[in-house]
Every structure is written in C-alpha cells, then in structure tokens.
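[1] need a 3D model of the following:
(chains A and B)
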Amino acid sequence: MSALTQTRVAAPVTFWKAFVRRPEFITLSLIVIFCVVVGIISPSFLSIKTVTDTLRASLTTGIFALGVLLVLAAGGIDVSFTAIAIFSLYATTRLTLAVYPDAPYLLMVVVGLGMGLLMGLLNGYLVYRFKVPSLIVTIGTQYLFSGFLKAFIGSRHIMDIPKGLDLAGTTALIQATTSGGARVSVSIQVLVLILAIVVTWFILNRTLMGRAVYAVGGSIPIAERLGFNVSTVILFVFGYAGLLAGLGGMLHGALNRQANPSDLVGSELNVIAAVVLGGARITGGTGTVLGTMLGVILIELLTNNLILMGVPSTWQKVVIGAIILLASAAFARRGKT
Amino acid sequence: MKKVLLIGAGLIVAAGVTGVLAQKKWTITTVVKITGINWFNRMEEGVKEYAKTSGNNAVQTGPAQADPAQQLQLITDLVAKKPDAIAVVPMDPATLEPIFKTAMARGIKVITHEADNQKNTLYDIEAFDNVAFGANLNKRLEKCMGGEGKWTVFVGSLGSKTHNQWADGGIANAAKNSKMMLVDAKQETSDDADKAYEKAKEILTKYPDIKGFQGSASTDVAGIGRAVEEAGLNDKVCVFGTSLPSIAGKYIETGAVDGIGFWDPKDAGIVMNKVAQMVLEKKAIKDGMNLGIKGYEKVSVTKGPGMGKIIRGSAFVDVDKSNYKNFPF
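    You can find the predicted model right below:
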C-alpha cells in the first residue's frame, strides 16, 4: 500500500492531488478543523502553551503508537504494551533503588528497554508458535504482566524515584516565559521521541524488514511465497513494540516523577485509536509514521482540550467517541473513492 | 512475721487468680487485604497496641498478594482454628459472605472494616461518613481560599461511589457560600497522577484566576500539585484532597499541596479489636457511644444491609505541612 502511494506520488500529477490521496491528509484536515473550532470557542487555546502542552502529552502516546503501528502494519494487534510499559518502569525503579540509586538515566533506560524487549518477544513467540490471534494473546499477557508486577514486584506507589529519572523528567530543552507570564517548557524527552520516529521510519521505509512487515500484514501466504520468514517478522514487530513500550514506560515515569504500578493499563485503546486515525488499517498492511504522529496529535488535542471547549466531564467520553467515529467514516469514504 | 508474709503472698496470688478469671484472654485475629504495604503496616501498629493494653491475644495477618481468593483461603484456614473473633478488611465482600456465615455458625464473632455492603457481619466499622469527609475537605479549602473564588473538584472516575460522595460533600459545602464559584466539576483522572496533571493544566489555562482544587483519588493532589508548582502558583492556588503523606508529602513540603485528608488505619485497627472484645463480652454498641479512640468518641450506629450494624466514626485526619511527617504511610 505504502509502495503504491509512493509510485503515485512519482506519477505526473500535481503535488496537491497526490497529497490529497494520502491518508495523512484526512488526519491533518481534522487537526486543522479541530483547532479552528476550539480557537473560536476559546481564544485562550491559540497560544504557544497549547503547542508545548500537546507536545508533552504526545510524548508517551507517540512512543507507544510507533510500536503499535508496526504490529498493526504486520496485521496483528497489541493491547499489552501498557502493562509492559508500567512493568518496565516499576521494576527498573525498584531495582535501581535497591542496587544503585544513583544510576544515570541512560542505564535505567537500557534496563527498561531490555525488560520491554523480553516481554514483547514473549508476545511474538506465543502468537506465531500457537497460531492464536494476537488480540487474545496480548489480552492474556496484559493480565499476566500487570498481575505479576503487583503480586511479586510491588504494589506500593513510589514517589521518591531515583535522581536520574527525576532529572530526566525535569530537564527542559527549551524554556521560556510568555508575555502573559505563563511558563512554557519543552522537556528534553522530546529528543527520545524524535529518535524513535527516525528509527521507526527507517525500519519501515529503508529496510527489507520494513517491506516484510507490510507484506505479512497484507497477506501471509503471499509474503511466504515472496520468501519472507513470517515467524521472524512476527517476533520482530512484537519485540519492537515491547522495546518501545519499555521506553514509553521510562518516559512516563520521568515525566510523571513517580512510579505507580496501577498507571497506564487501561489507556491502550487511546493509543490504538491514534494509530488508526493516522491512517493505518486495523486489518494490516498499511500505516505510516507521519500519519501515526498526526493521529497522536489529534487524539491528544482532543483529550486535552475538552474542558477548554466547555464539554462537561460526563459528556467528554461521548464527544471523543463521536469524533473517532466521524474520522473513521471519513477514512471509509476515502477507501471507496 | 513469717506467717504474715505467707498470708500476704497468698492474698497476692489469690488476687492474681481472680484477676485472670475476671478477664478471659480472647483470641482476636485481624485479617487485612494485603500484608507488607505501608497502610496495613500502620494498621498492625494499632493491633499491637491493642494487644499490649488489653492483654488479649490480638494478631494481624493477611495474604501476601492483593487477591480475594487468597484472602478467602486464609480466612477458611483461620476459621478451622476457631479464634474467638475475626476482624476483617475484605478485599471483595461478596467473596467472603459464605465463609463469614460458616464462621458465625461456629460461634466466631465477625467484625469488618470498609465493607458497608457486607451482609454476614456483626458490625462493620467505617472511619467516617463519606459526604461529611468531603465537606470537611472543602471547608479547609474554603478557608485557604479566603472564602471566595473559583474552584473545581476532580474524581478518579465518575463511576467511583466514594469519590463521588466526597466530591458531592464538597460541592454541597461550597454551595452554602455564594462567593465560592464551582467550575467544570468532577473531571475524571483515571486515578493517574499524570492525567490529573494534564487536567489541572487545562483548568489553569481556562481559568487563570482559579483559586482552589479538591482531589479525590490519592494521586489527584500529586498531579495537581505538580501543575501548580510548574506554573509557579504555590501561594496563589489552594490544593486539598484525599491522599496519603507518602504520595503527597513531596508537594506538601513545597507548598504546592496545602493539605490532605484520610483516616488513620492504626485507629481503625484498634477500634475493630475493641468492638470485637465488646461483642465477646456481650456489650451492645449503641448510637452515640464513645469507643475511646480519637474520631470514634461519638459513633453513629445504623442497620447494615444484612443482620449486622454499621458503626461510623468521624475519624478524618487533617494533615498539612505541620504534621504530615507524623504519619509514615
């Protein structure tokens, strides 16, 4: 699908027409429409603070979404990544506090990534070894990971997180005071997201594995005939999603400045919605990094500005649901034409 | 002289014997949801204190994991040993109904805590009335705000019964003062400090003149506190809510959070055991009675959902910068 789109771009049509054909166009249009509507309702929305707040909120969701993108593109689904994330964060935090409280953030991230990778690989192994739908497998492992965490590693809320983690969350890349006197800052963690974006884009667009991922997501028999090793691809996408989940978990801990074993789990549908709103099909074979990031921005704008729009708390979920449905209808229409 | 001593010694022994006879040593076992966490460690302090002062054989136990099935197994084993009374903090009241029924049929007195929907219990003990607790938090917020200004209240989820009762108690209190302006009430935070942080930032953007926040989930004040601190508004915005010193302490210290409220599990532990003892001594617990513990000096006794009764204290603990270090949990 992605390859098809690229050939179309190369075809002698105008840039605008080519752009309109891309699924990201719908997502971008929705973002623009949303911003105009909120801007009219509440002028305080149109400020630099909205940009920095949305960026901050997009950090963890963005990292998770990149992992989900790969799994979706390969035709699977993963709902266990939130459990993997909080497991990696909490276990790494406890380990660090017990063994080496002054550990630098980078070392903690490596440990968290390792844990995430192992859990992701377990997902992948279960999916291809037992030929069970990945939804069922990852529902199971979500319970397994978060249950194991609370039963054997700890259920206590950790407020005194290691210094390295705290510092990573509070260090700002850019900091400024607006004319209105409000402080705005962009966390250093934005670099982590940028790195994850670049790596994921490279894998999907510049490597053989990327082609294999889309091929497996498109049709497993065809992928096999093309000579792709399906089990390796499945292991790779779940492993990569686990790795990014571990990274996202560490990021959540740093930004939130605490490790609470009951965080994150339950928010996975938000992330999956973001990826789908970015143009990836739930049935696999499609999806781009740019679209996914736009989907994340759309979801975060949506969930973080409803108070500003004056939507009462009881109605917020209704509005989020309605907009997701509306957006998917737009994608469905595009699919027909 | 020798004879006098002998008689004296005899009298002392006799007095000792009658003393023991007058007060039989009861075996009371407290079963908590999970062992090893700060909250129930604090409760154990209460159980130990009770054992020391009463002379009864009072101990605390609980499953190593927060699992209703494990708690049930533990209580089943305990009932086989037939203690005089059990005082339980149920993980899931419904799971425990059959075993409580069996226990009572075997003559074991059953007391519960934090389970006002438990049917098979003699007395369920609640630290306070939730609406009154919410109102109390709001009174402290109102005072901090100087009795006027915009304020809002967060809940962990709109479906949480206790969170809504606390929020409604607060809203009803503020409604009495026309200068207290409630805005965008009951935002959901999913019991996640980061969600509370994002919602608080949004409220701060929408209402730059907001003066007060009331939190419900224990994580709410931590998230709100961080948003307030980052905005440099520690002195301008008042933050109160249900939380624990171990979670909110960091922000109470900096002044981002002005105060929190909770109940002390140590006192609840003592009260459960005291009530068990009174039941064993066949003393009825009446409405308005003084149980001799702070916050339980004038308890309300109402009919529960089953055959038992609910005892409610007014044991809120108000904590701020001056005293949060006294509560290490």
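
[2] give the contact list for residue 215.
    In the absence of a named chain, this looks at chain A. Residues near A:Ala215 by C-beta atoms under 8 Å, 6 or more residues apart in numbering or on different chains: A:Ile222, A:Ala223, A:Leu226, A:Phe228. Placement of C-beta: from N, CA and C, glycine included.

[3] not quite, go with chain B.
    B:Gly215 touches B:Val153, B:Phe154, B:Ala196, B:Val221, B:Ile224, B:Val239, B:Phe240, B:Gly241, B:Thr242, B:Ser243, counting by C-beta under 8 Å, 6+ apart.

[4] over to B:Ala256?
    B:Gly225, B:Arg226, B:Val228, B:Glu229, B:Asn234, B:Val239.

[5] relative to chain A, how far out is it?
    As for B:Ala256, its distance to chain A is 12 Å (criterion: C-beta to the nearest C-beta, to the nearest Å).

[6] up against chain B, what does chain A have?
    Within reach of chain B by C-beta under 8 Å from any C-beta of the partner chain, chain A has these residues: A:42, A:44, A:47, A:49-50, A:53, A:57, A:150-151, A:155-157, A:159-160, A:180, A:182-183, A:185, A:252, A:255-258, A:260, A:262-264, A:266-267, A:304-305, A:307-308, A:310, A:312-314, A:316.

[7] buried subset of those?
    A:42, A:47, A:49-50, A:53, A:57, A:150-151, A:155-157, A:159, A:182, A:185, A:252, A:255-258, A:260, A:262-264, A:267, A:304-305, A:307-308, A:313, A:316 (16 or more other C-beta atoms under 10 Å in any protein chain shown).

[8] which parts of chain A are strands?
    For chain A, the strands defined by DSSP state E cover A:172-177, A:183-187.

[9] take these and write them to a markdown table, including distance to B:Ala66 and mean pLDDT.
    A markdown table is the format used below for these (distance: least, C-beta to C-beta, whole Å; pLDDT from 0 to 100):
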| stretch | distance to B:Ala66 | mean pLDDT |
| --- | --- | --- |
| strand A:172-177 | 38 | 86 |
| strand A:183-187 | 33 | 84 |
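
[10] return the residues of the stretch 101-250 of chain B in contact with chain A.
    Residues of the stretch 101-250 of chain B lying near chain A (C-beta under 8 Å from any C-beta): B:158, B:184-188, B:190-194, B:197-199, B:201-203, B:205-206, B:208, B:218-219, B:222, B:226, B:230-232, B:246-247, B:249-250.

[11] A:Pro221 - how many residues pack around it?
    Counted with other C-beta atoms under 10 Å in any protein chain shown, residues neighbouring A:Pro221 total 8.

[12] after the helix or strand hosting B:Lys101, next one along is what?
    Taking DSSP states H and E as the criterion, B:Lys101 maps to helix B:93-105. Counting by DSSP H and E, the next helix or strand C-terminal to helix B:93-105 is strand B:109-113.

[13] please name every helix or strand in contact with that following strand.
    strand B:85-88, helix B:93-105, strand B:123-126, helix B:265-280 (3 or more C-beta pairs under 8 Å, 6 or more residues apart in numbering or on different chains; DSSP states H and E).
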